[in-house]
Each structure stands twice: as C-alpha cells, then as structure tokens.
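Asker: Quick one, what's the 3D model for this:
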Amino acid sequence: NVLISADYNQIEMRILADLADVKELKKAFKNNEDIHSLTASQIFNIDIKKVDKDQRRKAKAINFGIIYGISQYGLAKQINVSNYEAEEFLNAYFAKFPEIKIYMDNTIKFCRKSGYVNNIFGRRSHFNSINDKNFNVRNFQERAAINAPIQGSASEIMRLAMIRIDKKLEEEKSIKSKMLLQIHDELIFEVKKSEIKKMMKIIKDEMISVANSDYHSFSIPLTVDINSGNNWGELH
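Answerer: Sure thing, here's the model as predicted:
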C-alpha cells in the first residue's frame with residue numbers, strides 16, 4: 001500500500017475572493033495565476049514578471065495576514081520591516097483590492113450590530129465582546145470576526161468533501177483503499193497500488209464538487225493538489 005495526500009490549493013484565499021467579490025483575485029484564480037506574485041506586482045507597482053522572491057514572500061505574508069486581520073505592527077514584525085513600511089504595504093493592498101476592505105468593514109459592522117457572523121453555509125460564530133469597552137478585547141474580537149467566515153467555511157468545505165468521498169467509497173464496493181485522517185486542509189488515504197489512479201480521480205472529483213452544493217455555489221473554481229508516496233515525508 002501507499003499513501004495519498006490531497007489538499008485544497010489556497011482555499012482560504014479563494015473563499016475571501018468569493019465572499020468579498022474581489023474581481024482582480026477571481027480573475028487570477030480563473031486564469032490559474034500565482035496569487036502572491038500578482039499581489040506583489042500590485043503592491044510594489046511593478047510588472048508581475050519582475051517580481052523577485054523577497055517581494056513575493058512579503059506579498060504572501062500580507063495575503064495570509066489579511067485573512068487573520070493582521071495589524072501593521074504584526075505585519076512589520078513578520079516580514080521584518082518598519083511599522084511605517086508595513087502600513088504603506090497594507091494601504092497599497094487595500095487600494096488595489098478595495099473589495100476586501102469593504103468586506104472587512106461590513107463584516108465588523110454587521111457583527112457589532114448582531115453579535116455574530118455567518119460562514120458561506122449559514123453557520124454562525126458568536127462574538128459577544130465585540131462592543132467591549134476594552135480596546136484589546138474589542139480589537140481581538142473584530143479580527144476573529146473577519147476570519148471566522150473564511151476559516152469556518154474552509155473547515156466545512158473539508159468536512160463536506162470527506163463525507164462525499166466516504167459515500168463514494170461505500171458505493172464502490174470493490175475498492176479496498178480507505179481514508180485515514182485529516183490534517184488541517186489535507187486528507188490522507190491508505191491506498192492499494194492497483195487503485196492509485198482510480199482513487200486519485202475519486203478524491204479529486206469529490207473535493208472539487210463541493211464548490212457547487214445546495215448551500216453555496218462558488219464563483220471561482222476550487223483546485224486540489226494530490227500526491228502519492230510510501231510515507232508522509234515523501235508526500236511533501
């Protein structure tokens with residue numbers, strides 16, 4: 001037997017692009033472009049072909065930081081720049097992707113009024129201290145409220161994928177391979193060598209199919225990275 005690893009490609013960034021209707025990012029995902037290089041080209045105002053490794057690294061930190069409501073101070077520490085530079089990067093980011101700033105502001109506004117936010121499947125996350133008088137408590141709740149619809153949606157997408165794969169394997173009585181475990185946004189399977197090709201197709205098809213469900217239909221495609229190996233180390 002061998003192991004198969006399958007994980008969604010930049011699932012949280014895709015959810016953000018979909019939720020906030022970020023036209024530039026949606027276009028890039030549809031064209032299978034490198035999102036971090038695109039972000040770097042926008043922030044540093046250079047041609048995407050001229051983006052170097054350091055610029056891409058900084059853009060990647062900003063992309064993922066935005067999902068978690070990163071502050072200029074947190075970003076400055078993470079990419080080793082001054083607070084002023086970090087603030088300039090964030091300002092440039094929101095200037096290039098204004099839909100994200102609008103989404104964040106609207107999410108906080110909604111949560112302050114209602115006390116909760118919804119993920120794409122309608123599941124609520126409650127934030128009872130978002131109007132707290134203490135700035136630090138309030139700020140933490142605001143960042144968590146921004147993140148919850150994104151990370152919560154990603155988590156449920158993975159659960160739906162697992163359910164669909166499990167049902168498919170039950171239908172395919174002849175298949176002896178099995179799902180072993182979930183590690184964050186990755187699924188691990190133990191697969192008979194004779195079933196590798198068939199299993200890869202089942203896994204990929206079922207994971208991608210979650211993009212269109214009874215609850216939500218994505219405006220951009222979900223993509224899956226899938227590999228096989230003799231151990232977990234070989235999968236990466």
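Asker: only C-alpha atoms for contact and neighbour calcs from this point on.
Answerer: Will do.
Asker: Would you map the strands across this structure?
Answerer: Secondary structure of the chain by DSSP state E: the strands cover 2-8, 116-118, 124-126, 178-183, 186-191, 224-229.
Asker: hey, which helix is longest across this protein?
Answerer: helix 135-171 (DSSP state H).
Asker: what packs against that helix?
Answerer: Counting contacts by 3 or more CA pairs under 8 Å, 6 or more residues apart in numbering; DSSP states H and E, helix 135-171 packs against helix 11-19, helix 53-67, helix 98-114, strand 116-118, helix 196-209.
Asker: among the ones you listed, which is the most enclosed?
Answerer: helix 11-19 (a mean of 22; mean count of other CA atoms under 10 Å).
Asker: Any chance you could list what contacts it?
Answerer: Residues from elsewhere that reach helix 11-19, judged by CA atoms under 8 Å, 6 or more residues apart in numbering: 22-23, 25-26, 29, 63-64, 67, 100, 103, 120, 150-151, 153-154, 218-220, 222.
Asker: Equivalent analysis for stretch 45-57, please.
Answerer: Under CA under 8 Å, 6+ apart, the answer for stretch 45-57 is 36-41, 44.
Asker: So which of these wins on neighbours?
Answerer: Each of the contacts of stretch 45-57 was scored for neighbours by other CA atoms under 10 Å, and residue 40 scores highest at 28 neighbours.
Asker: Let me see the contact set for that one.
Answerer: Residue 40 touches 46, 48, 51, 55-56, 58-59, counting by CA under 8 Å, 6+ apart.
Asker: about what we covered before: CSV please, covering the contacts of stretch 45-57 and showing pLDDT.
Answerer: Below are the contacts of stretch 45-57 laid out as CSV (pLDDT from 0 to 100):
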residue, pLDDT
36, 93
37, 92
38, 91
39, 91
40, 93
41, 92
44, 89
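Asker: coming back round to it: among the helices and strands packed on helix 135-171, which comes closest to residue 133?
Answerer: helix 98-114 (12.5 Å; CA to CA).
Asker: And that closest one, what does it pack against?
Answerer: Using 3+ CA pairs under 8 Å, 6+ apart, helix 98-114 sits against helix 11-19, strand 116-118, helix 135-171.
Asker: hmm, back to that, state the mean pLDDT of the longest helix of the chain.
Answerer: Helix 135-171 carries an average pLDDT of 94.
Asker: Give the buried residues for that helix.
Answerer: Neighbour counts over helix 135-171 (16 or more other CA atoms under 10 Å) mark 138-139, 141-154, 156-162, 164-166, 169 as buried.
Asker: In a markdown table, list the helices and strands packed on helix 98-114 along with distance to residue 185.
Answerer: Written out in a markdown table, the entries for the helices and strands packed on helix 98-114 read as follows (distance: least, CA to CA, whole Å):
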| stretch | distance to residue 185 |
| --- | --- |
| helix 11-19 | 8 |
| strand 116-118 | 20 |
| helix 135-171 | 7 |
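Asker: Of all the ones you listed, which one is nearest residue 212?
Answerer: It is, among the helices and strands packed on helix 98-114 and with distance given as CA to CA, helix 135-171, at 10.5 Å.
Asker: what angle do that closest one and helix 53-67 make?
Answerer: 90 degrees (axes from the mean of the first three to the mean of the last three CA atoms, to 10 degrees).
Asker: That concludes my questions; thank you for your assistance.
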